[in-house]
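A.B. asks: show me the folded form of this:
(one chain, ligands or ions: 2)
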Amino acid sequence: MDRETGMTKRIVDVLVPVALDHGYSYRAPDELRLTAGDLVRVPLGSRAYAGVVWADQAQPDQRLDNRLKDITDRLDVPPLRDDMRHFIDWVADYTLAPRGMVLRMALRMGEHLGPERLRIGVRLAGPPPARMTAARTRVLALLADGLTQSKSEAAEEAGVSAGVIDGLIDEGTLEALPLPPEPAARPPDPGFCRPDLTPAQQAAADVLQQRVGAGYSVTLLDGVTGSGKTAVYFEAVAEMIRQNRQTLILMPEIALTAQFLDRFAARFGVRPAEWHSELSPRKRARTWQAAAAGEAQVVAGARSALFLPFADLGLIIVDEEHDPAYKQEDGVRYHARDMAVVRANISKIPIVLASATPSVETEVNARRGRYHRLALPERFGGQTLPMVEAIDLTAEGPPRGRFIAPRLAEAVKLALERKQQALLFLNRRGFAPLTLCRACGYRFGCPNCSAWLVDHRFRRRLVCHHCGFAMPRPDACPQCQALDSFAACGPGIERLAEEIATLFPGSRVLVMSSDLVTSVERLRDELREIEDGLVDIVIGTQLVAKGHHFPKLNLVGIIDADLGLANGDPRAAERTFQLLHQVAGRAGRAEGRGEALIQTTQPDHPVIRALVAGDRDAFYSAEIAAREKDHYPPFGRLASLVISARDRALAESHARKLAAAAPRDDRVRVLGPAEAPIALVRGRHRFRILVRSPRALDLSAYLRRWLAAAPAPTRDLKREIDIDPMSFL
Ligand code: ADP
Ligand code: ZN
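C.D. replies: Numbering: from 1, shown residues only. Ligands and ions are numbered 1, 2, ... in the order given. Prediction:
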């Protein structure tokens, strides 16, 4: 009973976006008329939170009633639908992340919730003020055309404070008026510019269009690079727009895909709504609302877009579905492609996975008929796939201290003579991965991590790629005080740039890697420069490997194919195959036959042989057989537990106790604890436990039982659980 009104209030569970697995009970004032899914504001501790009514409490505990707090109010946004709440529950159960943290991903709607801040515009309305200042003159010059401009933008553009504009309003020179809210996205037009599809493309598009609106299905759109996968799935998107339902297009790195947004605009007349981590808070709030209200018909986004609360999602597309960037490695550890399939299943809608080099998981599902395969085996316009050759570094390697073999240098020379572009690929940022003292052998290592410092010459720093530690290179060796004794070991892309400048003076070179790009805008400009032929030689990391279409690029040189093959990662072969295949696929997409040269010391490695022979299926068959034999995914399940602490002995002993507490089950193998390959990161010592089970076992449930019985981590200990790990470092 409520003492003031004498009425019984309902009690509901509200899930709050913090690291808690369960909701808290609150009293729900009748006048709010709350139902499950409503977004509400609640007090928690000393703060107010936006949360979601997760469930009615079946049997409210009357004794608790008087101690419960009231829900403050209800937020003016659409409720989280049943399927979305179900999805959040599912992801939390599967990943073992606290439910509140998964909810948090769905509520990332910008700084402020609720009705949007009113935007104020200003325009010229009266005579100039009696007293003129330089600042006032600038404002009046800006608004001289008499048009209305947003007040904050006008202040920014004129370089004055808001107070200057307020002063001009007070004097009657300017007037203030409310502006309509900015639309997040104009509606795309399905008939705007429909391309003529080839018969093969049309056949695939027809099948996709039939699946749209026909419940849950998974389709692998399996097409070689340049076959027109985008053009094909756009037809399914067009159908969705006609049916007035929403589409989500997931991309591995939306920030890099300016070309994609332009192509979408060329097909549908407008760009899609964008969702990624670099959106401004206001844009984020608008886009979130537009997705929730059904106003944004198509959202293209990075993995986090999967948690947008769409009003009526009808189709999901996962482009480059094999890309490792879909795995989130911190916070809630989830694989966006796998969770996208789950979301499609829960919401009973179709999902399309597109790739030229499907993940082994997806390939197995397609071979077993669980996923439909739609194949596009030919490049658009009759372009042939690039010719791939290996350069055996043990037989025809570069001269000492250099990294470009004579045969590759010769090919670059030829490309330049033909006025074509060349791309040199090396997945290593910086100048050199290791710096040592020639006099005493001292090596620069990170004080916080078990890693060498990478020499970044452009930034004039030695940098740790794990924790970001950076220091200028000293003049003398810290160990033996020798001067000028440092040697750079191994190549990075900056060092390649130096070699290219010596080999081809006067050529226009662009070096691209994530640490050199200062902003998404700058990156988009650089990609456009390549597209427009303003660059002769591109030197880049995997940043340039993904999805771009460079018409003048005919030669690809892979500097070190062995890089990815060496470590003990069970997915090393798959990942190297996909990456190199994708990089090679950048060549010869528009004119002439492309060529890819792969520098390696292992020309007989199955990955290299498959690339040279262009025999994708042989690679998959061998890889699938190996996984099946070893009970690796998708034939078994894996989970990893990383235990870390500043104190090494503490981390190790806790890891041992944890492993000892594993419930006995003959089907489950617990391996370790073992010191992690990168044993020290940011000053924390790391130990790993790897858990393997058959596919049919619910490994998440097993882990939950295990952790419930295990000793709780104390203060300094951290326990990270990763289901379906992609990284084994
Ligand atoms: P993929 O995604 O399979 O690598 P894309 O969809 O990027 O292939 O297509 C490669 C290139 O071919 C793009 O520039 C695209 O515009 C062009 N293209 C593909 N299909 C057609 C078509 N039917 N008509 C005109 N251009 C096409
Ligand atoms: Zn470090």
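
A.B. asks: got the residues of the stretch 51-200 of the chain near ligand 1?
C.D. replies: 195-198 (Cβ under 6 Å from any ligand atom). (C-beta placed from N, C-alpha, C; glycine too.)

A.B. asks: PyMOL command for the buried members of these?
C.D. replies: Applying 16 or more other Cβ atoms under 10 Å to these leaves a buried subset, and the PyMOL line that selects it is:
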select buried, resi 197+198
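
A.B. asks: so which of the residues of the stretch 51-200 of the chain next to ligand 1 reach ligand 2?
C.D. replies: Filtering those for proximity to ligand 2 by Cβ under 5 Å from the ion leaves nothing.

A.B. asks: minimum pLDDT in the residues of the stretch 51-200 of the chain next to ligand 1, which residue is that?
C.D. replies: Across the set of these, P195 stands lowest in pLDDT, at 91.

A.B. asks: which residues in the stretch 101-250 of the chain form helices?
C.D. replies: Defined through DSSP state H, counting those that start in this stretch, the helices belonging to the stretch 101-250 of the chain, from first to last, are 134-142, 151-158, 162-170, 199-211, 229-242.

A.B. asks: tell me which of the ones you listed sits nearest to P478.
C.D. replies: With Cβ to Cβ as the criterion, P478 lies closest to helix 151-158 of the helices of the stretch 101-250 of the chain, at 47.2 Å.

A.B. asks: now for that closest one, which elements pack on it?
C.D. replies: Contact partners of helix 151-158 among helices and strands, from 3 or more Cβ pairs under 8 Å, 6 or more residues apart in numbering; DSSP states H and E: strand 119-124, helix 134-142, helix 162-170.

A.B. asks: just the CA trace of it, in PDB.
C.D. replies: Taking C-alpha atoms only, helix 151-158 is exported to PDB below (Å, rounded to 0.1, in the frame of the first residue of the first chain):
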ATOM      1  CA  LYS A 151      22.700  30.300 -33.900                       C
ATOM      2  CA  SER A 152      25.500  28.100 -32.700                       C
ATOM      3  CA  GLU A 153      26.800  27.500 -36.200                       C
ATOM      4  CA  ALA A 154      26.700  31.300 -36.900                       C
ATOM      5  CA  ALA A 155      28.700  31.900 -33.700                       C
ATOM      6  CA  GLU A 156      31.200  29.300 -34.600                       C
ATOM      7  CA  GLU A 157      31.600  30.500 -38.200                       C
ATOM      8  CA  ALA A 158      32.000  34.100 -37.300                       C
END
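
A.B. asks: how far off centre is that helix?
C.D. replies: 33 Å (Cα atoms, centre = their mean, to the nearest Å).

A.B. asks: residues in contact with it?
C.D. replies: Under the criterion Cβ atoms under 8 Å, 6 or more residues apart in numbering, residues 119-122, 135, 138-139, 141-143, 161-162, 164-165, 176 lie in contact with helix 151-158.

A.B. asks: using neighbour counts, pick out the buried residues of it.
C.D. replies: For helix 151-158, burial by neighbour count (16+ other Cβ under 10 Å) applies to 151, 154-155, 158.

A.B. asks: between the residues you listed, which is nearest ligand 2?
C.D. replies: The shortest separation between ligand 2 and any of those is 42.3 Å, and it belongs to A155 (by Cβ to the ion).

A.B. asks: so how far is ligand 1 from the closest one?
C.D. replies: 42 Å (Cβ to the nearest ligand atom, to the nearest Å).

A.B. asks: which pLDDT does the model give that residue?
C.D. replies: For A155, the model assigns a pLDDT of 87.

A.B. asks: do the one 4 residues further on as well
C.D. replies: Looking at G159, its pLDDT stands at 88.

A.B. asks: just the CA atoms of the strand ranked longest in the chain, as PDB, please.
C.D. replies: Using DSSP state E, we find that the single longest strand of the chain is strand 669-681. What follows is strand 669-681 as a C-alpha-only set of coordinates in PDB (Å, rounded to 0.1, in the frame of the first residue of the first chain):
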ATOM      1  CA  ARG A 669      38.500 -30.200 -22.100                       C
ATOM      2  CA  VAL A 670      40.100 -27.500 -20.000                       C
ATOM      3  CA  LEU A 671      43.600 -26.600 -21.200                       C
ATOM      4  CA  GLY A 672      45.900 -24.600 -19.000                       C
ATOM      5  CA  PRO A 673      46.400 -22.300 -17.300                       C
ATOM      6  CA  ALA A 674      49.400 -21.200 -19.400                       C
ATOM      7  CA  GLU A 675      51.100 -18.000 -19.500                       C
ATOM      8  CA  ALA A 676      49.600 -16.000 -22.400                       C
ATOM      9  CA  PRO A 677      51.700 -15.500 -25.600                       C
ATOM     10  CA  ILE A 678      51.700 -11.800 -24.700                       C
ATOM     11  CA  ALA A 679      52.400 -12.400 -21.100                       C
ATOM     12  CA  LEU A 680      52.400  -8.800 -19.900                       C
ATOM     13  CA  VAL A 681      50.100  -6.000 -21.100                       C
END
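
A.B. asks: mind putting the buried residues of helix 151-158 into JSON lines with distance to P433?
C.D. replies: Written out in JSON lines, the entries for the buried residues of helix 151-158 read as follows (distance: Cβ to Cβ, whole Å):
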{"residue": "K151", "distance to P433": "51"}
{"residue": "A154", "distance to P433": "50"}
{"residue": "A155", "distance to P433": "48"}
{"residue": "A158", "distance to P433": "49"}
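
A.B. asks: quick revisit: out of the residues of the stretch 51-200 of the chain next to ligand 1, which comes closest to ligand 2?
C.D. replies: Nearest to ligand 2 out of these is P195 (Cβ to the ion; 49.1 Å).

A.B. asks: residue contacts, the closest one?
C.D. replies: Under the criterion of Cβ under 8 Å, 6+ apart, the contact list for P195 reads 231, 267.

A.B. asks: residue numbers of the stretch 351-500 of the chain in contact with ligand 2?
C.D. replies: Taking Cβ under 5 Å from the ion as the test, the list of the stretch 351-500 of the chain residues beside ligand 2 reads 446, 448-449, 464, 466-467, 469.

A.B. asks: how does it look with 8 Å?
C.D. replies: Taking Cβ under 8 Å from the ion as the contact definition, the stretch 351-500 of the chain meets ligand 2 at 446-449, 451, 464-469.

A.B. asks: please, a ChimeraX command that selects the buried ones among those residues?
C.D. replies: For selection in ChimeraX, the members of those meeting the burial criterion (16+ other Cβ under 10 Å) are listed in this command:
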select :446,448,449,451,464,465,466,467,469
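
A.B. asks: quick check: the residue of the stretch 551-700 of the chain found nearest ligand 2 vs P447, distance?
C.D. replies: Of all residues in the stretch 551-700 of the chain, R682 sits closest to ligand 2, at 6.5 Å by Cβ to the ion. Separation of R682 from P447 (Cβ to Cβ, to the nearest Å) stands at 10 Å.

A.B. asks: could you do H22 as well?
C.D. replies: Taken as Cβ to Cβ, the spacing of H22 relative to P447 amounts to 41 Å.

A.B. asks: could you do K657 as well?
C.D. replies: Plainly put, K657 is 29 Å away from P447 if you go by Cβ to Cβ.

A.B. asks: do the same with R575
C.D. replies: Taking Cβ to Cβ as the measure, R575 and P447 are separated by 30 Å.

A.B. asks: so which bits of the stretch 351-500 of the chain are right by ligand 1?
C.D. replies: For the stretch 351-500 of the chain, the residues in contact with ligand 1 (Cβ under 6 Å from any ligand atom) are F380.

A.B. asks: many thanks, have a good one.
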